[in-house]
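In: Any chance you can model this:
(2 chains)
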Amino acid sequence: MTQLWDGFLKALELIYTFDPEVVQIAARSLSIGLTSIVIGSAICIPLAGLIHFNQFWGKRFLVSLIQTFYSIPTVVIGLFVFVMLSNAGPVGGLGILYTPAAIVVGQVILITPILLGLIISAFRGVDKTILDTARSMGASGWQMALLVIKEARFGVMAAVIMGFGRAISEVGISLMVGGNIRGVTRVITTAISLEAGRGDIELALALGMILIFLALVVNIIMNRIQQK
Amino acid sequence: MTMPLVELRDLGQTRDVRDILKGVNLRIDRGEVFAMIGPTGAGKTTLLRIIDLLDNPSQGVLLYNGTDVASSDKFRLETRRRMAFVLQKPVVFNTSVYDNVAYGLKWRGIDKTQVREKVDEMLDITGLAEYKGRNAHTLSGGEMQRVAIARAVATDPELLLLDEPTANLDPVSAAKIEDILANIIKKNAITVIMATHDMAQGQRLADRIAVLVNGEIVQIGRSNDIFFNPTNREVAEFVGMENIINGVVVSNEGEMTTIDVNGTVIEAVTDYSPGDEVSVCIRPEDVTVALARLSSSARNSLAGTITWTVSSGPLCRVEIDCRFPLVALVTKRSAEEMGLVKGTQVYATFKVVSIHVIRRR
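Out: Below you'll find the model as predicted:
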């Protein structure tokens, strides 16, 4: 128990003193996570719309498949992205392995199923009569799509918050394709695993608490946006 | 002949092998208020959806302003933007009342100041001005329906489609909605096609009424024609002719017809010939009940025994067995004064002119 308490004090101290290294790591975690969620949302909101509003063969199976991928282990994605981005891999020429960009690629793959699945559910929750009403009021296809996103905004936001949580808290991808390089790709989660491995439990705990604190701040901001 | 605003030619709709609409032919003129009445499931909503171009008919042609609208999607959208449709179930968008009403205008790319003016005007007309900034989801059913009407009329449609505008509302809210609609119709000289199962509402609002039963138009005409001269049994039932009794014409002298109903003779004014199989329709409110035979101008006075009575509000519904069951409506007070109970011997009297006779099919 003393370790937990010490970790808590250490966390306060690190936040209070603005420890430059911790600030840098936290900022990197945050910017990578936010980049992933922005890219992920930009892909998944339209894609979820395409899947939801079109009838095609195998649609139900596709949705089941998407839901299955909710639980894909991060290390598996890390491995996959590693193979793709390594020098011998198909897109090795990009030369982004062991850069924050590689982590973003992995995180986008990680959160895509969650975002898609939950956004499709959110769209499903929009009353069919809303669509008829909009159509009768002379909405074009695009105007209808925007309206549906607006009507489903609580569900969509919940999906985005969920996706962000998954992105910022993952360690497998960051470790495998980022490499935990100090000053380049070290993020909070990889730092925790490193410090814990080195035996500095307090620092590891402190970093964990900072991560939770960050997530809290982001969620509060997102909830504010949602209420508008 | 002027071109009708909407014309349906032999329109049919089939869903899962069931015919929802069959051979519907209809012409609706500009400025006309047209009501479709009929029981639930008669196909009223289906017809409105086809007219609003939300669904395609499986058969037949829909002309809007003389042009076949089935052509391109773009043309359908343009045409749809000249109409408005208030759906039966009032749904509002999850945003402020103001934005709800503004949507249709924004979608048409109308500039902000004009939108504001129009929305404020609509909120005034529908009595929603004080709710302007509230989220529409927090409104009551009647208020939501008012939002739906404001939203529809805001775009100044040529044609307004209303699907059971007052169904599922309490009488006070329903009356309010009806008032608002009557005002809008009067002020904008708008063409309206409405569906209702409320005959009285159709009479109050519409110039012309079509009765829709099982996907077919069974009668069409001025509202009074429908109300007083139904041409068949379904329509007669629908307009409140509760007593529909089968009989055969015995004689007809100068339109004064005698009809044999189960051995009882009823007199009516018709142009049917002896031997015609007919149904005699009598509204319960046209039947007078008395303990002694009345000496009045009414030529039909039948002796009978009361088989049951039931109260409905200030009135009392009495069923009399005079060789056929006849329902009469008397005030509760007179029922009590006369002591009308099961088994009472009474005379049921109704005037010749209050009888409507239709040919049996």
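In: Residues touching stretch A:32-46, excluding its own?
Out: A:100, A:103-104, A:107-108, A:110-112, A:115-116, A:119, A:149, A:156, A:159-160, A:163-164, A:167-168, A:174, A:187, A:218 (Cβ atoms under 8 Å, 6 or more residues apart in numbering or on different chains). C-beta coordinates here come from the backbone N, C-alpha and C atoms, glycine included.
In: Near chain B, list only the ones from these.
Out: Among the contacts of stretch A:32-46, no residue lies close to chain B (Cβ under 8 Å from any Cβ of the partner chain).
In: Take the residues you listed and keep only those in helices.
Out: In helices, judged by DSSP state H, the following of the contacts of stretch A:32-46 are found: A:100, A:103-104, A:107-108, A:110-112, A:115-116, A:119, A:149, A:156, A:159-160, A:163-164, A:167-168, A:218.
In: Could I get the full set of helices for chain B?
Out: Going by DSSP H, chain B shows helices at B:44-51, B:73-80, B:97-107, B:112-125, B:141-153, B:171-188, B:199-205, B:223-228, B:233-238, B:332-338.
In: which one of those lies closest to residue B:353?
Out: Between residue B:353 and the helices of chain B, the shortest gap by Cβ to Cβ is with helix B:223-228, which sits at 10.3 Å.
In: which residues in chain A form helices?
Out: Under DSSP H, chain A gives helices at A:2-17, A:20-53, A:59-68, A:74-85, A:100-124, A:128-136, A:141-151, A:153-169, A:172-173, A:188-198, A:201-227.
In: What helices and strands are in contact with the shortest one?
Out: Which is helix A:172-173. helix A:74-85, helix A:100-124 (3 or more Cβ pairs under 8 Å, 6 or more residues apart in numbering or on different chains; DSSP states H and E).
In: Just the mean pLDDT for that helix, thanks.
Out: Predicted confidence along helix A:172-173 averages 94 (mean pLDDT).
In: pLDDT score for the residue lying closest to residue A:162 once chain neighbours are set aside?
Out: Spatial nearest neighbour of residue A:162, excluding adjacent residues (Cβ to Cβ, 6 or more residues apart in numbering or on different chains): residue A:114 at 5.8 Å. Residue A:114 carries a pLDDT value of 96.
In: show me the contacts for residue A:114.
Out: So residue A:114 contacts A:70, A:159, A:162, A:163, A:166 (Cβ under 8 Å, 6+ apart).
In: how many other residues sit next to the first one?
Out: Spelled out, that is residue A:70. By the criterion of other Cβ atoms under 10 Å in any protein chain shown, residue A:70 has 14 neighbours.
In: gap between it and residue A:33?
Out: 18 Å (Cβ to Cβ, to the nearest Å).
In: follow-up on the earlier one: of all the helices of chain B, which lies closest to chain A?
Out: Evaluated over the helices of chain B, closeness to chain A peaks at helix B:97-107, with 4.2 Å, by Cβ to the nearest Cβ.
In: Show me what residue B:348 bridges to in the sheet.
Out: Per DSSP bridges, the residues bridged to residue B:348 are residue B:289, residue B:302.
In: I'd say it and residue B:326 touch.
Out: Yes: using Cβ atoms under 8 Å, residue B:348 is in contact with residue B:326, at 5.5 Å.
In: what residues do those two have in common as contacts?
Out: B:287, B:302, B:304, B:320.
In: Just among those, which is most surrounded?
Out: residue B:320 (25 neighbours).
In: With chain A as the reference, measure out to the nearest residue to it once chain neighbours are set aside.
Out: Leaving aside its chain neighbours, residue B:320 sits nearest to residue B:304 (4.1 Å; criterion: Cβ to Cβ, 6+ apart). Separation of residue B:304 from chain A (Cβ to the nearest Cβ, to the nearest Å): 51 Å.
In: so who does residue B:304 touch?
Out: By Cβ under 8 Å, 6+ apart, the neighbours of residue B:304 are B:320, B:321, B:322, B:323, B:326, B:345, B:346, B:347, B:348.
In: List the residues that contact the second one.
Out: What that stands for is residue B:321. If you count contacts by Cβ under 8 Å, 6+ apart, then residue B:321 has B:304, B:305, B:306, B:307 around it.
In: rewinding a little: now the contacts of residue A:114: which count as buried?
Out: With burial judged by 16 or more other Cβ atoms under 10 Å in any protein chain shown, the buried subset of the contacts of residue A:114 is A:159, A:162, A:163, A:166.
In: For residue B:139, state which of the residues you listed is nearest.
Out: Using Cβ to Cβ, those come closest to residue B:139 at residue A:159, 28.4 Å.
In: Am I right that residue B:340 is in contact with residue B:309?
Out: Yes: using Cβ under 8 Å, residue B:340 is in contact with residue B:309, at 6.0 Å.
In: if I look at the two, which residues touch both of them?
Out: With Cβ under 8 Å, 6+ apart as the test, residue B:340 and residue B:309 both reach B:316, B:318.
In: Who has more neighbours out of the two?
Out: Counted by other Cβ under 10 Å, residue B:340 and residue B:309 do not tie: residue B:340 has more neighbours, with 21 against 18.
In: Could you export the helices of chain B as a markdown table, including mean pLDDT and distance to chain A?
Out: Shown next, in a markdown table, are those (pLDDT from 0 to 100; distance: least, Cβ to the nearest Cβ, whole Å):
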| stretch | mean pLDDT | distance to chain A |
| --- | --- | --- |
| helix B:44-51 | 94 | 8 |
| helix B:73-80 | 88 | 6 |
| helix B:97-107 | 95 | 4 |
| helix B:112-125 | 94 | 13 |
| helix B:141-153 | 92 | 7 |
| helix B:171-188 | 90 | 16 |
| helix B:199-205 | 87 | 20 |
| helix B:223-228 | 86 | 26 |
| helix B:233-238 | 86 | 27 |
| helix B:332-338 | 89 | 42 |
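In: Please render these as TSV that adds distance to residue A:54 and mean neighbour count to the earlier fields.
Out: Converted to TSV, the helices of chain B look like this (distance: least, Cβ to Cβ, whole Å; neighbours: other Cβ atoms under 10 Å in any protein chain shown):
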stretch	distance to residue A:54	mean neighbour count
helix B:44-51	21	23
helix B:73-80	16	15
helix B:97-107	22	23
helix B:112-125	32	16
helix B:141-153	28	24
helix B:171-188	37	15
helix B:199-205	40	19
helix B:223-228	45	17
helix B:233-238	42	20
helix B:332-338	61	14
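In: what would those look like in JSON lines with distance to residue A:10?
Out: Shown next, in JSON lines, are the helices of chain B (distance: least, Cβ to Cβ, whole Å):
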{"stretch": "helix B:44-51", "distance to residue A:10": "66"}
{"stretch": "helix B:73-80", "distance to residue A:10": "63"}
{"stretch": "helix B:97-107", "distance to residue A:10": "50"}
{"stretch": "helix B:112-125", "distance to residue A:10": "55"}
{"stretch": "helix B:141-153", "distance to residue A:10": "56"}
{"stretch": "helix B:171-188", "distance to residue A:10": "64"}
{"stretch": "helix B:199-205", "distance to residue A:10": "75"}
{"stretch": "helix B:223-228", "distance to residue A:10": "84"}
{"stretch": "helix B:233-238", "distance to residue A:10": "82"}
{"stretch": "helix B:332-338", "distance to residue A:10": "86"}
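In: Next one: residue B:307 from chain A, what distance?
Out: 46 Å.
In: how much space between that residue and residue B:331?
Out: 20 Å.
In: same deal with residue A:121?
Out: 59 Å.
In: neighbour-wise, which of those two wins?
Out: residue A:121 (18 against 11).
In: check contacts around that one.
Out: residue A:155.
In: Pass me the low-pLDDT residue ranges in chain A, would you?
Out: A:228 (pLDDT under 70).
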